[in-house]
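Peer 1: Quick one: sequence plus predicted model below, questions after.
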Amino acid sequence: MYRRHIVILVFRFLLMAAAFYLWSSEKDNLGFADLLRRGLSGVFLCVIWAALVVGMLLRLIPNKRVAVGARKHYGSSYQAAPAAPGDSVSAAVKRNRLHKGALISALSWVALNAAVYFVLLRNGLLTPMMTVALMLFYAVCDMVCILVFCPFQVFFLSNRCCADCRIHNWDYIMMCTPMLFIPSVYSMSLFLLSAAVIVRWEIALIRKPLYFMAETNENLRCERCNDKLCQLHGQIEQ
């Protein structure tokens, strides 16, 4: 799983570099519909769309090709942990803390993207290819968060690692946020599918909160972890 994420990081970085190159070489401000008919740019956009759609569909279908942190909302990834005195209280406290951290994370993300939108619009940089480049920049940052350093983990959530991260499956909707800047069939199809991923995640959290915490789900504990996604950065002690 660790090597797979390294490959994904490299793949996303190459796509991001290509997107910034195409953006810098585009002198005309064409919409997505026009770009899809323009040779290399059109092929490039189709590759990005397909890669993101496949990734999101894998989140909507229970499978072991994704890390346990991204599929813990399915019953197949849950194994009840033995109860201990005070476990119910500590689990409830942690759940409330994670909900608060998630809310702060969401508000911070909205504020950040509002500022980005304002800066791009103010400087005449808000073009379709720029939103694609920004989306891929977020995609690279997502992998950096998993493999190296995650500001949401450190500043807002204080979770141990990705396995018990409260907002693990928020990644695609965060990546696709720039698609709201220039609505089209292309951009909204990506955003709406990413919204389906997070809705499925949040519904599962409401219905089965025990799936989401290492205190109640043994498969999220370090000794059960086969993903090894924490090799490059230290874990926060609970």
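Peer 2: Thanks, I have the structure now.
Peer 1: all helices of the protein, in order?
Peer 2: 2-25, 32-35, 39-60, 68-71, 87-122, 128-147, 151, 171-175, 185-207 (DSSP state H).
Peer 1: in this protein, which helix or strand is least confident?
Peer 2: Sorted by mean pLDDT, DSSP states H and E, the helices and strands of the chain end with helix 32-35, the least confident at a mean of 73.
Peer 1: hmm, who's touching that helix?
Peer 2: Helix 32-35 is contacted from outside by 41-42, 45, 128-129, 182, 184-187, using C-beta atoms under 8 Å, 6 or more residues apart in numbering. From N, CA and C alone the C-beta is placed, and that goes for glycine too.
Peer 1: ok so, going back, deepest of the helices of the chain, which one?
Peer 2: Each of the helices of the chain was scored by mean neighbour count; the highest is helix 171-175, a mean of 24, by mean count of other C-beta atoms under 10 Å.
Peer 1: what's that helix packed up against?
Peer 2: Identification of packing neighbours for helix 171-175 by 3 or more C-beta pairs under 8 Å, 6 or more residues apart in numbering; DSSP states H and E yields helix 39-60, helix 128-147, helix 185-207.
Peer 1: 6 Å - rerun?
Peer 2: Other elements packing on helix 171-175 under the criterion 3 or more C-beta pairs under 6 Å, 6 or more residues apart in numbering; DSSP states H and E are helix 128-147, helix 185-207.
Peer 1: Without its sequence neighbours, what residue ends up closest to the residue positioned nearest the centre of the chain?
Peer 2: The centre of the chain sits closest to residue 171, judged by C-alpha atoms, centre = their mean, with a distance of 1.0 Å. Closest residue to residue 171 apart from its sequence neighbours, by C-beta to C-beta, 6 or more residues apart in numbering: residue 142 at 4.9 Å.
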